[in-house]
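Enquirer: Return atomic coordinates for the entry below.
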Amino acid sequence: MGAGHDHHDHHDHPAPVSPEGRPLRIGIGGPVGSGKTSLVAALCKTLSDELSLGVITNDIFTSEDAEALRSQGVLPTERIVAVETGCCPHTAIRDDISANLDAVEQLEARLGDVDVTLVESGGDNLTAIFSRGLVDRQIFVIDTAGGDDIPRKGGPGVATADLLIINKIDLAPHVGADVERMQRDAAERRTGPVEATSVTAPGGVAQIAAWIRVAVHEWHNSVPS
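Expert: The predicted structure is shown next:
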């Protein structure tokens, strides 16, 4: 789809109001090169005909990830906003979330009909997790090329994310990684779901998209406490 395509024609009525009165916000984090931007691109292509999406990307001094998404035409350009953090990626998503929170709130207010906002962190390490003041759900992405000992090392990203993705399983035979071992090690360190896939492969984000559909449904249909 081209960048100028209207991806929210399917909405005959405004999105249902969430318990917080706003869209669901999902953070996507993980080490450098794990495939975060590729995941966001694939999710936008998969979900944009059924959900109204917004995207916030984080880079330290550039808007490279946002430009990459815009150039692929995964969403209209006005639905993708870059935040230049000027600091370590984990600081901008965990410690001082003001720039990201401002960007999220402004994007959602401007678009007006967002179902879910994806917030992509800059590449960081296994300790990088999002503040729950910024996002409602967290996805953490690791990859086989980073070493099959990553799940065993654990860390907050692996242990506490709502969904853990082991990406680039197609590369596992070429980098000497044991995907089944990675899945076992991850399962020992977390209680949440683990998805092993290659996000750029055909159908590679099908299960991740299904998880997001459920999360959006639960968010918009839950009863405030």
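Enquirer: Torsion angles phi and psi at the residue nearest the centre of the chain?
Expert: The structure's the chain has its C-alpha centroid closest to I28; by Cα atoms, centre = their mean the separation is 3.1 Å. Taking degrees, to the nearest 10, you get phi -120, psi 110 for the backbone angles of I28.
Enquirer: what's near enough to touch it?
Expert: K36, L39, V40, L118, V119, E120, S121, Q138, I139, V141 (Cβ atoms under 8 Å, 6 or more residues apart in numbering). All C-beta spots, glycine's among them, are computed from the backbone N, C-alpha and C.
Enquirer: among those residues, which ones are buried?
Expert: Of the members of the contacts of I28, the ones counted as buried by neighbours, 16 or more other Cβ atoms under 10 Å, are K36, L39, V40, L118, V119, E120, S121, Q138, I139, V141.
Enquirer: and which of the residues you listed is nearest to E180?
Expert: Nearest to E180 among the buried ones among the contacts of I28 is V141, at 18.7 Å by Cβ to Cβ.
Enquirer: Tell me how far that closest one lies from L107.
Expert: Plainly put, V141 is 22 Å away from L107 if you go by Cβ to Cβ, to the nearest Å.
Enquirer: again, but for A82
Expert: 11 Å.
Enquirer: With C88 instead?
Expert: Counting by Cβ to Cβ, the separation of C88 from L107 is 23 Å.
Enquirer: Identify the bridge partners of the residue nearest to the centre of the chain.
Expert: Beta-bridge partners recorded for I28 (DSSP bridges): E120, I139.
Enquirer: tell me which residues in the helix of greatest length in the chain are buried?
Expert: For the chain, the helix with the greatest residue count under DSSP state H is helix 206-221. Residues I208, A209, W211, I212, A215, V216, W219, H220 are the ones in helix 206-221 that count as buried (16+ other Cβ under 10 Å).
Enquirer: other SSEs contacting that helix?
Expert: Contacts defined by 3 or more Cβ pairs under 8 Å, 6 or more residues apart in numbering; DSSP states H and E place helix 206-221 against strand 24-29, helix 36-47, strand 116-120, strand 163-167, strand 194-196.
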